[in-house]
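> predicted structure and sequence below. I'll ask about it afterward.
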Amino acid sequence: MATAINIEEDISANWELVKRLNKDLRDSAYLLDKSEARYLVDLYYTVQEQRQRAASQTRGNTEPHELTTWLFNQFKALENDMKKALVVYASSSVPAQWAQSIHGIGPVIAAGLAAHIDVNPWRCKAPIKGITCKSTKHPDPHKNEVCGHYPVHTAGGVWRFAGLDPTLVWEKGEKRPWNARLKRLAWIIGDSFKKQRNSPKDFYGKFYDYRKQSEIAKNMAGDFAPLAAKSLESRTIKDKDLKATYEAGRLPDGRIDLRAMRYAEKIFLSHYHHVAYEDHFGTPPPKPYVIEHLGHTKYVGPPNWPL
């Protein structure tokens, strides 16, 4: 069994554990495939969370222990180096470059969008016996009329993939009908827009503000009473004040805020889809249904585009 002295000597001998990212390794990040980039983005947020916890632990002590301070510095160094690699990855994608032109969107979020959203994905509809599309890196593994690339022609496809389609229901025992990591990323985007809404550089936070006032007015008018009743039926609500809000036919303030955030998120994602689609296919995506067929004329295109 190692003694306390041996443990202390071992820690001292290996004090600098994080090997800093060098330029060659950083610049190779543009070669990451989408699955590797998704992993790196997820890991970045995990390390960031641990760094924040270590910082809280350090601040909470009047005399921070040297070991917790060291741990904080390790997480901080790793977080910064991972961000440098994601900057390189994001710079290799035109849609990610456009995303970074938006106030409130940094390279990590942009890299996550580029890694998760594909406007022309390959879909395996009829796997050949013993071979599936996932088992080969060939771009067109199945030479038939069923499997192939299925372009995402509308922003609605991106919304559904990000869990922003309210008609999607995840039933028990079924596969999740959306991408949980992209949904979390969308929430981070909406939260960023909310925080930046008073900046003169802001664009999407204004949509959050507009929607928030509209949602509040509708809530007070009782327009969400059916949603409130459904929540009472499907949830077990123990908090008396929360239950009273639902029984009065209204949604709580937190849900109103999330609805406003999702509105801004969906507008941004529709613009991201427009940029990604035009970059990939060389032509703008089909116009929204309400513009093309229902006679609506109000359409807000993506800002800062073309770059």
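Sure thing, it's come through.
> would you mark the buried spots in the longest helix belonging to the chain?
Taking DSSP state H as the criterion, the chain has its longest helix at helix 253-281. Within helix 253-281, the residues that count as buried by 16 or more other CB atoms under 10 Å are 255-280. Placement of C-beta: from N, CA and C, glycine included.
> quick check, central residue of the protein?
Nearest residue to the geometric centre of the chain (CA atoms, centre = their mean): L185, 1.4 Å.
> now that residue: which helix or strand?
Using DSSP states H and E, the secondary-structure element containing L185 is helix 180-196.
> what's that helix packed up against?
In terms of contact count using 3 or more CB pairs under 8 Å, 6 or more residues apart in numbering; DSSP states H and E, helix 180-196 is assigned the packing partners helix 34-60, helix 107-116, helix 205-220, helix 253-281.
> wait, which of those helices is closest to N80?
Smallest distance to N80 across these (CB to CB): 9.6 Å, for helix 34-60.
> so after the closest one, what's the next helix or strand?
Counting by DSSP H and E, the next helix or strand C-terminal to helix 34-60 is helix 66-91.
> what is the very next helix or strand once past that next one packed up against?
In the C-terminal direction, the helix or strand that comes right after helix 66-91 (DSSP H and E) is helix 94-100. Helix 94-100 makes packing contacts with helix 66-91, helix 107-116, helix 253-281 when contacts are defined by 3+ CB pairs under 8 Å, 6+ apart.
> redo these as CSV? Include mean pLDDT and distance to L31.
Listed next are the helices and strands packed on helix 94-100 as CSV, based on pLDDT from 0 to 100; distance: least, CB to CB, whole Å:
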stretch, mean pLDDT, distance to L31
helix 66-91, 88, 9
helix 107-116, 96, 13
helix 253-281, 96, 19
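> dump the ones you listed to JSON lines, plus distance to R59.
As requested, the helices and strands packed on helix 94-100 are exported to JSON lines (distance: least, CB to CB, whole Å):
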{"stretch": "helix 66-91", "distance to R59": "10"}
{"stretch": "helix 107-116", "distance to R59": "24"}
{"stretch": "helix 253-281", "distance to R59": "27"}
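> flag the shaky bits of the stretch 201-307 of the chain, pLDDT-wise.
Judged against pLDDT under 70, the low-scoring parts of the stretch 201-307 of the chain cover residues 289-297.
> oh sorry, the question was meant for the stretch 1-150 of the chain
Confidence mapping of the stretch 1-150 of the chain against pLDDT under 70 gives the ranges 1-18, 60-64, 125-146.
> can you do 50?
Counting by pLDDT under 50, the stretch 1-150 of the chain shows low-confidence ranges at 1-13, 135.
> burial check on E66, number of neighbours?
E66 has 10 neighbours, counted by other CB atoms under 10 Å.
> distance of the closest residue in space to V87 that isn't next to it in sequence from A276?
Closest residue to V87 apart from its sequence neighbours, by CB to CB, 6 or more residues apart in numbering: P107 at 4.3 Å. Separation of P107 from A276 (CB to CB, to the nearest Å) stands at 17 Å.
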